[in-house]
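**Student:** Kindly return the folded structure for what I paste below:
(chains A and B)
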Amino acid sequence: KAGVTQTPRYLIKTRGQQVTLSCSPISGHRSVSWYQQTPGQGLQFLFEYFSETQRNKGNFPGRFSGRQFSNSRSEMNVSTLELGDSALYLCASSPGQVNEQYFGPGTRLTVT
Amino acid sequence: EDQVTQSPEALRLQEGESSSLNCSYTVSGLRGLFWYRQDPGKGPEFLFTLYSAGEEKEKERLKATLTKKESFLHITAPKPEDSATYLCAVQGGSNYKLTFGKGTLLTVNP
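**Tutor:** Alright, predicted model coming up:
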């Protein structure tokens, strides 16, 4: 089975711009979660989608949003980028909500 | 709010020198405790899930154990390829998110 894929792998954006990241989960997995990883804060939960519905949301500003499509693929969007948004953004999928999550390789976002 | 604390932050071992990593947690209604391994520039790789106190899981040189307040990842006779950051996470209550610790950076010298 193919693993979780994320595109693009690397991205450089300017402060004030917006960005969209994409995630394709493992086939058959219906739950997709997004995390932000920085050296100082570690892995922090952004949001989780299950069958196209956002079930959980972390403590991030409204500039961070996401959605899930009927084929379980997911996108996250960050508007009005700030320097502090530079991070590794990780997507994880699982068969249901109470299961281990399998992570993709991440998208490295750099905001200048 | 769920909390996870991992210790030590960094651990340096000689090849073959066994040791343990600690994960202390507070969670309302534990659904699962997860161990991951992360190599530089890559996403975390799933290792184990533990569901209840007393449970143990093994994989090659790694063994994970769970009590009501903490989990240990025991590494027996480590090899240089075991060098990585090991992450612990909990899932609890009605919130299905994973709460991660900051990780333990393990370096195994040949």
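**Student:** okay, CA-based contacts and neighbour counts for the rest of this
**Tutor:** Will do.
**Student:** For residue A:40, see how far away whichever residue of chain B sits closest to chain A is.
**Tutor:** Proximity to chain A, evaluated over chain B using Cα to the nearest Cα, is greatest for residue B:43 at 4.4 Å. According to Cα to Cα, to the nearest Å, residue B:43 stands 17 Å off from residue A:40.
**Student:** neighbour-wise, which of the two wins?
**Tutor:** When neighbours are counted by other Cα atoms under 10 Å in any protein chain shown, residue B:43 and residue A:40 differ, and residue B:43 comes out ahead with 23 against 7.
**Student:** Get me the contact residues on chain A for chain B.
**Tutor:** A:33, A:41-45, A:47-48, A:56, A:90, A:97-98, A:100-106 (Cα under 8 Å from any Cα of the partner chain).
**Student:** just the buried members of those residues?
**Tutor:** A:33, A:42-45, A:47-48, A:56, A:90, A:97, A:100-106 (16 or more other Cα atoms under 10 Å in any protein chain shown).
**Student:** can you give me the strands in chain A?
**Tutor:** Taking DSSP state E as the test, the strands found in chain A are A:5-7, A:10-13, A:19-24, A:31-38, A:42-50, A:53-57, A:64-68, A:74-78, A:87-94, A:102-103, A:107-111.
**Student:** Tell me which residue lies nearest the centroid of chain A.
**Tutor:** The centre of chain A sits closest to residue A:34, judged by Cα atoms, centre = their mean, with a distance of 3.4 Å.
**Student:** Give me the spatial nearest neighbour of it, chain neighbours excluded.
**Tutor:** residue A:91 (4.6 Å; Cα to Cα, 6 or more residues apart in numbering or on different chains).
**Student:** which one is residue A:43 nearest to, not counting chain neighbours?
**Tutor:** Nearest non-adjacent residue to residue A:43, counting by Cα to Cα, 6+ apart: residue A:37, 4.3 Å away.
**Student:** Might one say that the one you found is in contact with residue A:88?
**Tutor:** Yes. Contact criterion Cα atoms under 8 Å: residue A:37 and residue A:88 qualify, at 5.1 Å.
**Student:** Could you check how many residues crowd around residue 92?
**Tutor:** The chain I'm using is chain A. Residues near residue A:92, counting by other Cα under 10 Å, number 28.
**Student:** could you do chain B instead?
**Tutor:** Neighbours of residue B:92 under the rule other Cα under 10 Å: 20.
**Student:** Could you report the distance from residue B:55 to residue B:33?
**Tutor:** On the measure of Cα to Cα, residue B:55 and residue B:33 end up 11 Å apart.
**Student:** How about residue A:95?
**Tutor:** Taken as Cα to Cα, the span from residue A:95 to residue B:33 is 17 Å.
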